[in-house]
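**Student:** No letters, just coordinates:
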């Protein structure tokens, strides 16, 4: 780019730029060859097509400036340099996640179907007290079993149960801590924004380099990082929205911070917390499909198979099964939330 070459020459950086030159021995691009042939190589850019001074553009004018490829390569080399040490720390800490996923998958797929259906119906009744939802659970699982998707559906439910439980176990305390400290909230909010806006496929890139594809923790960590955001945000929001007059009354009764938290704030914030749990479950289900790219079992594998082999029926039927599970989980969690609201109004 003649304009930038002239700029570097004008500021006295010609020798510095020439120091990084390879002597012109590199292969000439087709665009440069064409411009040389038609005699336009010496013509500089006009104001209309003036190039932005990006790294690649400046590298063409000054070889001492690294191209953008060097930046991405540097990030990759830096990650690979710390991979061994990072894995030595993270691997033992996340090993219980692999055990939990393996055990839950074994339980859900090796328990007789009639017993598993009864257990799921019982859990639905205990959290919702709704016979309609119990029947809906029965019919949904029966439909999935009828089309020979029972095992895949149980694998998907097993992954969601483990990952959603860990999200709640970690997310609710983080949300509570954020609600009690404005400084911590200012630190955590940007991290949550990044986790929420990062494309789901990007979660898998560093994890593939850290863990073996056969390790369940690989897709488990990706699902947890992707799905934990709603429960953290809504727990923080729910506790902050508790009426200050109620907190003032609790202070007047001489309640300690612990008593106020468990006796006043969490019960009043429970609808928001449950809404966060609902969204976390939905996001876990969405990520399970993407995690099938890194050996996550379940209905996502069938969707991926339909895409890879262009089997329209396989992909659509498996996708319908995922939608059915999403509706089932959404209805159950919303019914439990409505039950909590009803019990609070009676009190």
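**Tutor:** Yep, it's here. Model, not experiment: these values are computed from the prediction.
**Student:** Please count neighbours and contacts with C-alpha atoms only from this point.
**Tutor:** Noted.
**Student:** Out of the helices and strands in the protein, which is least certain?
**Tutor:** In the chain, no helix or strand scores lower on mean pLDDT, DSSP states H and E than helix 30-37, which sits at a mean of 55.
**Student:** Just want the most central residue of the chain.
**Tutor:** By Cα atoms, centre = their mean, the chain has its centre lying nearest to residue 226, at 2.0 Å.
**Student:** From what I see, that one and residue 282 are in contact.
**Tutor:** No. In this structure residue 226 lies outside contact range of residue 282 using Cα atoms under 8 Å: 10.8 Å.
**Student:** Let me see the mean pLDDT of whichever helix or strand the residue nearest to the centre of the chain is part of.
**Tutor:** Assigned by DSSP states H and E, residue 226 falls within helix 216-227. Averaged across helix 216-227, the pLDDT comes to 93.
**Student:** Name the residues that touch that helix?
**Tutor:** 94-95, 97-98, 101-102, 159, 163-164, 166-167, 195-196, 200, 203-204, 207-208, 211-212, 279-281, 283-284, 287-288, 291, 294-296 (Cα atoms under 8 Å, 6 or more residues apart in numbering).
**Student:** what's the answer for stretch 244-260, then?
**Tutor:** Applying Cα under 8 Å, 6+ apart, the external contacts of stretch 244-260 come out as residue 264.
**Student:** buried set for that stretch?
**Tutor:** Neighbour counts over stretch 244-260 (16 or more other Cα atoms under 10 Å) mark 247, 250, 260 as buried.
**Student:** repeat for stretch 259-277
**Tutor:** Neighbour counts over stretch 259-277 (16+ other Cα under 10 Å) mark 260-261, 264-277 as buried.
**Student:** in the stretch 51-200 of the chain, which spans are helices?
**Tutor:** Ranges of helices in the stretch 51-200 of the chain, per DSSP state H, counting those that start in this stretch, are 55-61, 68-110, 113-128, 131-146, 150-180, 182-197, 200-210.
**Student:** which one of those is the most hemmed in?
**Tutor:** The highest average neighbour count among the helices of the stretch 51-200 of the chain, using mean count of other Cα atoms under 10 Å, belongs to helix 150-180 at a mean of 21.
**Student:** So what's the model's average confidence on that one?
**Tutor:** Mean per-residue pLDDT for helix 150-180: 95.
**Student:** cool, and stretch 233-240?
**Tutor:** Stretch 233-240 comes out at a mean pLDDT of 94.
**Student:** Can you give the distance of it from its chain's centre?
**Tutor:** The chain centroid and the centroid of stretch 233-240 are separated by 20 Å, computed with Cα atoms, centre = their mean, to the nearest Å.
**Student:** repeat for stretch 105-123
**Tutor:** Stretch 105-123 sits 28 Å away from the centroid of its parent chain (Cα atoms, centre = their mean).
**Student:** Contacts for that stretch next, please.
**Tutor:** The contact list for stretch 105-123, computed with Cα under 8 Å, 6+ apart, reads 134, 135, 137, 138, 141, 151, 154, 155, 158, 159.
**Student:** residues contacting the third one?
**Tutor:** When you say that, I think you mean residue 137. Applying Cα under 8 Å, 6+ apart to residue 137 gives the contacts 120, 121, 124, 328.
**Student:** Out of these, which comes closest to residue 57?
**Tutor:** residue 328 (53.8 Å; Cα to Cα).
**Student:** Buried by neighbour count: which residues of the one helix or strand the closest one maps to qualify?
**Tutor:** Using DSSP H and E, residue 328 maps to helix 312-346. Within helix 312-346, the residues that qualify as buried are 314-315, 317-319, 321-322, 324-326, 328-337, 339-340, counting by 16+ other Cα under 10 Å.
**Student:** who's in contact with the closest residue to residue 59 other than its chain neighbours?
**Tutor:** Among residues not flanking residue 59 along the chain, residue 65 sits closest, at 5.1 Å (Cα to Cα, 6 or more residues apart in numbering). Applying Cα under 8 Å, 6+ apart, we find residue 65 in contact with 17, 20, 55, 58, 59.
**Student:** Look up phi and psi at residue 65.
**Tutor:** The phi and psi values for residue 65, taken as degrees, to the nearest 10, are phi -80, psi 130.
**Student:** what's the distance between it and residue 71?
**Tutor:** 11 Å (Cα to Cα, to the nearest Å).
**Student:** Then residue 169?
**Tutor:** Counting by Cα to Cα, the gap from residue 169 to residue 71 is 38 Å.
**Student:** and if you look at residue 121?
**Tutor:** Residue 121 sits 54 Å away from residue 71, going by Cα to Cα.
**Student:** next one: residue 275
**Tutor:** Separation of residue 275 from residue 71 (Cα to Cα): 42 Å.
**Student:** All set now, cheers.
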